[in-house]
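Q: here is the input, now give the coordinates:
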Amino acid sequence: MFCARLFVPLHSQIKNRFGMKLYSDVELAEKLDQKIFRCISEVADRLGVECYVVGGYVRDIFLERPSNDIDVVVVGSGIQVAQELKQMLGKRAHLSVFKNFGTAQVKFRSKADQTPTNATSDTLFTEVEFVGARKESYSHDSRKPIVEDGTLEDDQNRRDFTINAMAICLNKERFGELVDPFNGLADLEDGIIATPLEPDITFSDDPLRMMRCIRFATQLNFQIEDETFEALQRMADRIKIVSGERIEVELNKIMMAPHPSIGFEYLQRSGLLNIILPEVAALDIVEQKNGRAHKNNFYHTLEVLENVCKSEELRVKSEESATAEGGQDITAEANSSLFTLHSSLYLRWAALLHDIGKTKTKRWDPAIGWTFHNHNYIGAKMVPVIFRRLKMPMGAEMKYVEKMVDMHMRPQAIADNEVTDSAVRRLLNDAGDDIDDLMTLCEADITSKNEVKKKMFLENFRMVREKLTDLKEKDYKRLLQPVIDGNEIMELFHLKPSREVGTLKQFLKDAVLDNKVENEREPLMQILMKKAQEMGLKSEK
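A: Okay, the predicted model is just below:
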């Protein structure tokens, strides 16, 4: 018997991350009264072409959200406007022209008083992308459009979502005038993601827009319009023509949103997750037998992912506080970006994948109910397959996630029993520098609704952390690494690299980790000689 879980929107409990402010055309003109926009305006008027700032930069003005992306549409040659702008800005500007795409980019160093007002505070460079207004048509089996010159209306029609289809005129006579044919401003105010045209057409033309739809809904904590979401469900199969690399980029942006569970729930409900991450989608099931059911491991996974995000947020705040107390001048944004650059992304991936082995290992035991023995081991073996399919990094990043998935039950096994020094030493030795991330993941994995049980686990984890802290303060790498190494063992017994050497090395390491002997030369040599003698090895020293 299978039980369906009623959908309860997680994001209904989450506040919007960004505020919303409405501006009149006069106020928009004041917002854009900056050197870069004045220069573009002057060039466009001199060339006699219409010119508009469009897309994300316009959206983010109303959301009062930092943005470094300035996109400009020219009804005419965007490349020509870019070339003229480069001449006006002089040597400090760099021009890149992409004739095949009909686009150009001007990048220049900004002074503090010349940086766009809604750019991030640490911006040193301003980048402006120029493109000629165009209309597009697509073939069924490709994301590459057939492009023709078009009007502003044509260009807005081809935009992915109404909130990204707004434009502000930069020509002098209409400077600051908002052009919003699809009521994107109203959708922005209502927190709605909708397409300018029929959503089936929008998603069929470029299926990556389905991922972008969910990504924007996640990042902004917006709702997806009903008709648009129904199109996601109908068109989900089209995602198969999109490359793994492009899907990975969108998944990572969803993953790094403040509440990534919103996105993964949308991906699951739309049917997209079953295509791009079937291993995770398969967790969304509750099976019942003889009146005993296991939990829905998909929603448990989302809860673990959210718990990891909360832990990261607390960690960042703690680091900010420590930095402030130390008198260092570093912004919270910069501090956060340093932390989230790499470790946060792949720790979140580990949280998403930590239970994927449960589908393959689920068994019914009449005596104890549902079991998932070795799901961590099986899950770890599935990680490289997923990374390879999505064209994700197969080096240290993949190995880190694989390790986290494999080891995520270890601290819990310790916490289930008496927290012994030996077990903690072994855990620290195996986890190495990733021990703090592993503990964060394991604590996040405690989603029991039994408060007594939850409190017990957290208290045991607290004791594990105390012992770990004590070991780290004592320089655990030196403390846990036997002072007699493999080279010395080979020299003592005239051995070449072999199984015997490995056996003796592991014997010494086990003795140190289990605290059976001090990690000092004399006691280690005594037990080494005894073990070697048992193995029939003799030393001439």
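
Q: could you list the low-confidence segments of the stretch 51-200 of the chain?
A: The stretch 51-200 of the chain contains residues with pLDDT under 70 at 110-124, 135-148.

Q: do a quick rundown of the helices in it.
A: 56-63, 78-89, 152-157, 184-190, 199-205 (DSSP state H, counting those that start in this stretch).

Q: outside of the longest one itself, list whatever touches it.
A: Same thing as helix 78-89. Contact partners of helix 78-89, identified using C-beta atoms under 8 Å, 6 or more residues apart in numbering, comprise 39-40, 42-44, 46-47, 49, 51, 72, 74, 93-95, 97, 99, 102-106, 108, 128, 130-132. C-beta: built from backbone N, CA, C; applies to glycine.

Q: from those residues, list the buried ones, please.
A: 39-40, 42-44, 49, 51, 72, 74, 93, 95, 97, 102-104, 106, 108, 128, 130-132 (16 or more other C-beta atoms under 10 Å).

Q: which of those fall within strands?
A: 51, 72, 74, 93, 95, 97, 103-104, 106, 108, 128, 130-132 (DSSP state E).

Q: tabulate the residues you listed (TSV), appending distance to residue 504.
A: Converted to TSV, these look like this (distance: C-beta to C-beta, whole Å):
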residue	distance to residue 504
51	76
72	69
74	74
93	66
95	66
97	66
103	64
104	66
106	66
108	64
128	65
130	68
131	67
132	72
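
Q: farthest-separated two in those?
A: Using C-beta to C-beta, the pair of those lying farthest apart is 108 and 132, separated by 21.3 Å.

Q: what is the host helix or strand of residue 456 packed up against?
A: Using DSSP states H and E, residue 456 falls within helix 451-473. On a contact count with 3 or more C-beta pairs under 8 Å, 6 or more residues apart in numbering; DSSP states H and E, helix 451-473 meets helix 410-416, helix 421-431, helix 435-444.

Q: sort out which residues of it are buried, please.
A: Those would be 457, 460-461, 464-465, 467-468, 471, for helix 451-473 by 16+ other C-beta under 10 Å.

Q: from the residues you listed, which has minimum pLDDT?
A: Across the buried residues of helix 451-473, the bottom pLDDT score, 69, is held by residue 471.

Q: ok so, going back, what's the angle from the helix holding residue 456 to helix 421-431?
A: If you take axes from the mean of the first three to the mean of the last three C-alpha atoms, to 10 degrees, helix 451-473 sits at 70 degrees to helix 421-431.

Q: pull the CA atoms of helix 451-473 into CSV?
A: Provided in CSV are the C-alpha atoms of helix 451-473 (Å, rounded to 0.1, in the frame of the first residue of the first chain):
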residue,chain,number,x,y,z
GLU,A,451,11.3,15.9,21.2
VAL,A,452,12.8,13.6,23.9
LYS,A,453,14.6,11.5,21.3
LYS,A,454,15.7,14.6,19.4
LYS,A,455,17.1,16.2,22.6
MET,A,456,19.0,13.1,23.5
PHE,A,457,20.7,13.0,20.0
LEU,A,458,21.6,16.6,20.2
GLU,A,459,23.1,16.3,23.6
ASN,A,460,25.2,13.3,22.5
PHE,A,461,26.3,15.3,19.4
ARG,A,462,27.3,18.1,21.8
MET,A,463,29.5,15.7,23.7
VAL,A,464,31.0,14.4,20.4
ARG,A,465,31.8,18.0,19.4
GLU,A,466,33.4,18.7,22.8
LYS,A,467,35.7,15.7,22.4
LEU,A,468,36.5,16.7,18.8
THR,A,469,37.4,20.2,19.9
ASP,A,470,39.7,18.8,22.5
LEU,A,471,41.5,16.6,20.0
LYS,A,472,41.8,19.4,17.4
GLU,A,473,43.3,21.7,20.0
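
Q: distance from it to the middle of the chain?
A: Relative to the chain's own centre, helix 451-473 is displaced by 28 Å; criterion: C-alpha atoms, centre = their mean, to the nearest Å.

Q: just stretch 515-524 next, same as before
A: The answer for stretch 515-524 is 44 Å, by C-alpha atoms, centre = their mean.

Q: straight-line length of that stretch, end to end?
A: One end of stretch 515-524 sits 12 Å from the other (C-alpha to C-alpha, to the nearest Å).

Q: domain map for the protein?
A: The chain breaks down into these domains under automatic domain parsing: 18-190, 330-477, 481-534.

Q: and the first one, how far from the chain's centre?
A: Computed by C-alpha atoms, centre = their mean, the separation of domain 18-190 from the middle of its chain amounts to 27 Å.

Q: pretty sure residue 299 is touching residue 284, no?
A: Yes. Using C-beta atoms under 8 Å, residue 299 makes contact with residue 284 at a distance of 7.5 Å.

Q: need the nearest residue in space to residue 167, chain neighbours excluded.
A: By the measure of C-beta to C-beta, 6 or more residues apart in numbering, the closest residue to residue 167 outside its immediate chain neighbours is residue 52, 4.0 Å from it.

Q: roughly how far does the one you found sit from residue 450?
A: 58 Å (C-beta to C-beta, to the nearest Å).

Q: also residue 413?
A: Taken as C-beta to C-beta, the span from residue 413 to residue 450 is 19 Å.

Q: re earlier: residue contacts, the residue nearest to residue 167?
A: 72-74, 152, 167-170, 179.

Q: by neighbour count, which of these wins?
A: Counting neighbours by other C-beta atoms under 10 Å, residue 170 leads those with 28 neighbours.
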